[in-house]
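Asker: quick check, what structure comes out for this input:
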Amino acid sequence: MTSATQPGATPLPPPASAGATLPPAGQPRQVTPRATLLLAPNPGPMTFDGTNSWVLHEPGRRGAVIVDPGPDDPGHLDALIALAAEQGGTVAAILVTHGHPDHTSGVRETARRTGAPVLCASPHRADTVLGPGPLTLAGLRIEVLATPGHSSDSLSFHLPDERSIMTGDTVLGRSAPVILDPDGRVDAMLASLAAIMRALGGASGASGGTDAGQGPVILPGHGPLVTQPADQLTLAISAREARLAQAAAAVDSGCRTVSAVADRMYGPFDERIRMGIEATVRAHLRYLADHGRLSRPVPLEVPPRWQAR
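Answerer: Numbering: from 1, shown residues only. So this is what the prediction gives:
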């Protein structure tokens, strides 16, 4: 789930990947020596162009890894499984960056059809629960990073041999992700952005053992790949600080509810994403309250309609 900038919203700087394009849904595009993108056909106000599903394959080795199968769309899953078979012959594993349905509704069917185990942070979905650390699958070297913030179960998958990193919804190719309070937290998001920066060696310097000519790149869960990670990560941190300042200013100006703060911060926006926007606002207000940066308290109870999701 993402957070689009809506008409009337307080503007923030555009992301480093602004203007970049994605292939049409269903048309695979190899974007690094080991990663091929297949865009799912689920565009919308919370998914932008759709969910980025990925097939990873170590050159010269048998086996492939699917990351984030996406929606339970028969055509998309057919194409994704066929792509993995074409590249690696078999599917060795299914990795999941986080548990939101636009990334995971197709996981069960993909696992059934391929026989591959599901690896993720959630014990409710995983055959193997992943924590931070090294992982080798079908010859691929993967560093698993815990990157909560958007959600508590968010993981990122770093491929050190080519300095790419799959970030799910922690870093996007467009805009900034929602922070789904109470599960998501601003302080966790800031720490995760710093961890991704460190994993990419500061997102600018050389790293031993990488493919010649391969610079660092972020492979996000939505939007185009990010070829200037340092710019994008710096922007993401700055944007979060800007939203904190806007939330504090809205309270100072007299806003007394989460809904009022959301309207002041974002201006008119698509009501279909109100729950996500208000969850993000609550996360910022909670952070400000925890750090003594609110001039007056704002009730942060999660409404029943959000608790039930």
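Asker: which stretches of the chain form strands?
Answerer: 2-3, 29-30, 35-39, 52-56, 64-67, 91-95, 118-120, 128-129, 133-137, 140-146, 155-159, 164-168, 176-177, 217-220 (DSSP state E).
Asker: among the ones you listed, which is nearest residue 288?
Answerer: Across the strands of the chain, residue 288 has its closest neighbour in strand 176-177 (17.2 Å, CB to CB). C-beta coordinates here come from the backbone N, C-alpha and C atoms, glycine included.
Asker: give me the mean pLDDT for that closest one.
Answerer: Taken as a whole, strand 176-177 carries a mean pLDDT of 87.
Asker: let's number from 676 now, not from 1
Answerer: All set: I'll call the first residue 676, so the last point we hit is now strand 851-852.
Asker: who does it pair up with?
Answerer: strand 677-678 (antiparallel) (DSSP bridges).
Asker: state the mean pLDDT of the partner strand.
Answerer: On average, strand 677-678 scores 50.
Asker: ok, now stretch 911-919?
Answerer: 92.
Asker: ok so, going back, quick one: the strands of the chain as TSV, columns for distance to residue 920 and mean neighbour count too.
Answerer: As requested, the strands of the chain are exported to TSV (distance: least, CB to CB, whole Å; neighbours: other CB atoms under 10 Å):
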stretch	distance to residue 920	mean neighbour count
strand 677-678	17	25
strand 704-705	38	13
strand 710-714	34	22
strand 727-731	31	27
strand 739-742	35	28
strand 766-770	36	25
strand 793-795	34	24
strand 803-804	38	12
strand 808-812	36	13
strand 815-821	28	19
strand 830-834	27	25
strand 839-843	25	27
strand 851-852	14	24
strand 892-895	25	25
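Asker: which one of these lies nearest to residue 874?
Answerer: Closest to residue 874 of those, according to CB to CB: strand 830-834, at 4.8 Å.
Asker: who does the closest one touch, helix- and strand-wise?
Answerer: On a contact count with 3 or more CB pairs under 8 Å, 6 or more residues apart in numbering; DSSP states H and E, strand 830-834 meets strand 815-821, strand 839-843, helix 861-874.
Asker: return it as CSV; C-alpha atoms alone will do.
Answerer: The C-alpha trace of strand 830-834 is given here as CSV (Å, rounded to 0.1, in the frame of the first residue of the first chain):
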residue,chain,number,x,y,z
LEU,A,830,11.7,-7.1,5.2
SER,A,831,14.1,-6.0,2.5
PHE,A,832,16.3,-8.4,0.4
HIS,A,833,19.8,-7.2,-0.5
LEU,A,834,21.7,-8.9,-3.3
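Asker: partner strands of it, with direction?
Answerer: Counting by DSSP bridges, the strands paired with strand 830-834 are strand 815-821 (antiparallel), strand 839-843 (antiparallel).
Asker: for residue 781, find the nearest of the ones you listed.
Answerer: Set against residue 781 and scored by CB to CB, these come closest in strand 839-843, at 15.0 Å.
Asker: residues near the spatially closest residue to residue 908 that is not a sequence neighbour, how many?
Answerer: Among residues not flanking residue 908 along the chain, residue 872 sits closest, at 5.0 Å (CB to CB, 6 or more residues apart in numbering). For residue 872, the count of nearby residues is 21 (other CB atoms under 10 Å).
Asker: quick one: residue 872 from residue 780, how far?
Answerer: The spacing between residue 872 and residue 780, counted by CB to CB, to the nearest Å, is 31 Å.
Asker: ok, residue 853 next?
Answerer: From residue 853 over to residue 780 the distance is 18 Å, taken as CB to CB.
Asker: so these two - more neighbours on which side?
Answerer: A count of neighbours by other CB under 10 Å puts residue 853 above the other of residue 853 and residue 780, at 25 against 18.
Asker: that one reaches residue 861, doesn't it?
Answerer: No - using CB atoms under 8 Å, residue 853 is not in contact with residue 861, being 11.5 Å away.
Asker: what's the pLDDT at the residue lying closest to residue 962 once chain neighbours are set aside?
Answerer: Closest residue to residue 962 apart from its sequence neighbours, by CB to CB, 6+ apart: residue 861 at 3.9 Å. At residue 861, the model reports a pLDDT of 98.
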